[in-house]
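Engineer: I'd like to go over a predicted model; first the sequence, then the structure.
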Amino acid sequence: MDERQCKRGEIAVKYFCDLNYVEKNSNILVVNTEEDIIGKLLNDNDYTNVDILYCVSEQRKQWITKASNVKSSEAVKITTIENDEQGYPFKKQQYEVVIMAIDPTIGKNILPSFEIIIQWVKSGGLICWSMDQLNVSDIDGKFDRSIMDLCDKCKWLSVLGYPRSLTDYIEPGINGMFHAMQVV
């Protein structure tokens, strides 16, 4: 397991749990890379309804597992979240929370995905993620603009006190952010 991605996941779950925002039996979707550290840590923190969508950084693949509601022992794999026609096994407004640990391999691919991910979250629900600050500079400010554009379109709002800057996020010298957005 990639130690950096493990750390990203640990931080995402820590800050999500610190929010103390949802019930332990809430429907949660983890959008993750190859490792399932977030799902395991959520289960360790007594969250019981966790589905996982893996984003893989290899060539585009078709759905690998069945297109149905999946729990943390199974997962769906995709390369990017591009449009609603991909046949995702999720219903609109199915989840109270989507949680992610964005690593550099999918950081740029997540920008067009937010509008689709928002559709999967119930009004009042959360979309949370941790990420390297390096990702933001790599995307030349498009990331912050994308977040603000969705605020301007009344799709989501920043949770009070977020985003939070994280010093020495995954290792010394690499800072990060934790975002928490509430779906309108």
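Structural biologist: Structure's in. What do you need?
Engineer: CA only for contacts and neighbour counts going forward, please
Structural biologist: Will do.
Engineer: can you name the residues that contact E115?
Structural biologist: Contacts of E115 were listed using CA atoms under 8 Å, 6 or more residues apart in numbering, and they are L150.
Engineer: what's the helix or strand for it?
Structural biologist: Here E115 sits within helix 114-119, counting by DSSP states H and E.
Engineer: buried residues, that helix. List them.
Structural biologist: Judged by neighbour count using 16 or more other CA atoms under 10 Å, the buried positions of helix 114-119 are 114-115, 117-119.
Engineer: okay if I get those residues as a markdown table plus distance to W129?
Structural biologist: Converted to a markdown table, the buried residues of helix 114-119 look like this (distance: CA to CA, whole Å):
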| residue | distance to W129 |
| --- | --- |
| F114 | 11 |
| E115 | 15 |
| I117 | 12 |
| I118 | 13 |
| Q119 | 17 |
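Engineer: could those residues go into CSV alongside distance to S26 and pLDDT?
Structural biologist: As requested, the buried residues of helix 114-119 are arranged in CSV below (distance: CA to CA, whole Å; pLDDT from 0 to 100):
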residue, distance to S26, pLDDT
F114, 20, 84
E115, 21, 83
I117, 17, 86
I118, 16, 92
Q119, 17, 89
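Engineer: what's the closest of the residues you listed to L160?
Structural biologist: I118 (18.6 Å; CA to CA).
Engineer: gap between the residue lying closest to that closest one once chain neighbours are set aside and I11?
Structural biologist: Closest residue in space to I118, ignoring its immediate chain neighbours: V183 at 6.7 Å, by CA to CA, 6 or more residues apart in numbering. Remark: distance between V183 and I11 (CA to CA, to the nearest Å) = 22 Å.
Engineer: what's the mean pLDDT across stretch 121-137?
Structural biologist: Regarding stretch 121-137, the rounded mean pLDDT is 83.
Engineer: now it: buried residues?
Structural biologist: Buried residues in stretch 121-137 (16+ other CA under 10 Å): 121-123, 125-133, 135-136.
Engineer: from those, which is closest to K153?
Structural biologist: Comparing every one of the buried residues of stretch 121-137 with K153 (CA to CA), the shortest separation belongs to S123, at 14.4 Å.
Engineer: residues in contact with the strand or helix carrying the closest one?
Structural biologist: Of the helices and strands defined by DSSP H and E, S123 is found in strand 121-132. Outside strand 121-132, the residues within contact range by CA under 8 Å, 6+ apart are 8-9, 11-12, 16, 92-104, 118, 169-170, 174-184.
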